[in-house]
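>>> fold the stuff below for me.
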Amino acid sequence: MTPLDLAVAAGQVPPQASQQALGYPALFVLVALGALVPVIPTGALVSSAAVVAFHHQVLPFGVLLVVGVAALAAFAGDVALYWLGQRGVRSRNGSRWLVRLRGRATPERLEQAQTKLDEHGVLVLVVSRLLPAGRIPVMLASLLAELPLGRFARGDAAACLAWAVTYGLIGIVGGSLFPEPWKGVALAVALTLLISAGPALWRRIRAPRPAGSA
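Okay, here's the model as predicted:
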């Protein structure tokens, strides 16, 4: 039994505080893993955590803590992934991390990212973090341009903060519209999934149809 459990049992720390103490490390781990392996819906996680903080913690400190933890975790995951990618670029035989990065970016999107990186520098990192499926092509373009890790980290820090604030605001909107936290979480998750799927749906709509199709 941990000291925190003993404090809860003795009534010195409410159970809600115990859940919060466990929730922030879990949020950090999941967001950092989502940056490394982008199959975890990190935006939905941050928005949902912001909804819970909006309802159960003192405003605005709870939401600010969620945003801070999420931004730090995203930054840690991005820097770790970039460092692993740099090892692959410098290695004669490459690395599985670099191969995975290449597999997540189409040649067209990579070319666009390289052009924008040449024109706007690390400012593109901020925009790419906010655009669905925009982070990996820009990160790969930065690797191929041999952007130093320190310069990438400086640009990525602002990008991760802007990303965490954006999804934290989505959580605040969901939490303010409904008195029940689960409804706010459902709305926040729906909004984040819509944001993620929107560009792909738009590209599919705008794609030219074969001749003779209905």
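>>> so where does residue 83 fall, helix or strand?
helix 61-90 (DSSP states H and E).
>>> show me what that helix is packed against.
helix 15-36, helix 42-56, helix 96-103, helix 135-144, helix 149-177 (3 or more Cβ pairs under 8 Å, 6 or more residues apart in numbering; DSSP states H and E). All C-beta atoms are positioned from the backbone trio N, CA, C, and that covers glycine.
>>> now mean neighbour count, mean pLDDT and distance to residue 71 too, for those helices, in a markdown table please.
Shown next, in a markdown table, are those (neighbours: other Cβ atoms under 10 Å; pLDDT from 0 to 100; distance: least, Cβ to Cβ, whole Å):
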| stretch | mean neighbour count | mean pLDDT | distance to residue 71 |
| --- | --- | --- | --- |
| helix 15-36 | 16 | 74 | 9 |
| helix 42-56 | 25 | 87 | 9 |
| helix 96-103 | 16 | 66 | 22 |
| helix 135-144 | 23 | 84 | 14 |
| helix 149-177 | 20 | 90 | 4 |
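>>> quick one: closest of those helices to residue 129.
helix 149-177 (3.8 Å; Cβ to Cβ).
>>> by contact count, what packs against that closest one?
Right, helix 149-177 is packed against helix 42-56, helix 61-90, helix 123-130, helix 181-206 by 3+ Cβ pairs under 8 Å, 6+ apart.
>>> and it with helix 61-90, angle?
150 degrees (axes from the mean of the first three to the mean of the last three Cα atoms, to 10 degrees).
>>> now do helix 149-177 and helix 123-130, the angle between them.
40 degrees.
>>> contact partners of stretch 64-82?
24, 27-36, 42, 45-46, 49-50, 53, 57, 97, 101, 129, 135, 139, 142-143, 149, 152-153, 156-157, 159-161, 163-165, 167-168, 171 (Cβ atoms under 8 Å, 6 or more residues apart in numbering).
>>> tell me, how many neighbours does the closest residue to residue 158 other than its chain neighbours end up with?
Using Cβ to Cβ, 6 or more residues apart in numbering and skipping residues adjacent in sequence, the residue nearest residue 158 is residue 126, 5.4 Å away. Neighbourhood size, residue 126 [other Cβ atoms under 10 Å]: 19.
>>> in terms of contact, does residue 126 touch residue 154 like I think?
No: the criterion here is Cβ atoms under 8 Å, and residue 126 misses it with residue 154 at 11.1 Å.
>>> what residues does residue 168 make contact with?
46-47, 50, 63, 66-67, 70.
>>> of all those, which comes closest to residue 109?
Among these, and counting by Cβ to Cβ, the member closest to residue 109 is residue 46, at 24.3 Å.
>>> include distance to residue 116 when you put the helices and strands packed on helix 149-177 into a markdown table, please.
Putting these into a markdown table (distance: least, Cβ to Cβ, whole Å) gives the following:
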| stretch | distance to residue 116 |
| --- | --- |
| helix 42-56 | 22 |
| helix 61-90 | 17 |
| helix 123-130 | 5 |
| helix 181-206 | 16 |
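>>> hey, which of these is tucked in deepest?
Greatest average neighbour count among those goes to helix 42-56 (a mean of 25), per mean count of other Cβ atoms under 10 Å.
>>> elements contacting it?
Helix 42-56 packs on helix 15-36, helix 61-90, helix 149-177, helix 181-206, going by 3+ Cβ pairs under 8 Å, 6+ apart.
>>> cool, thanks, talk later.
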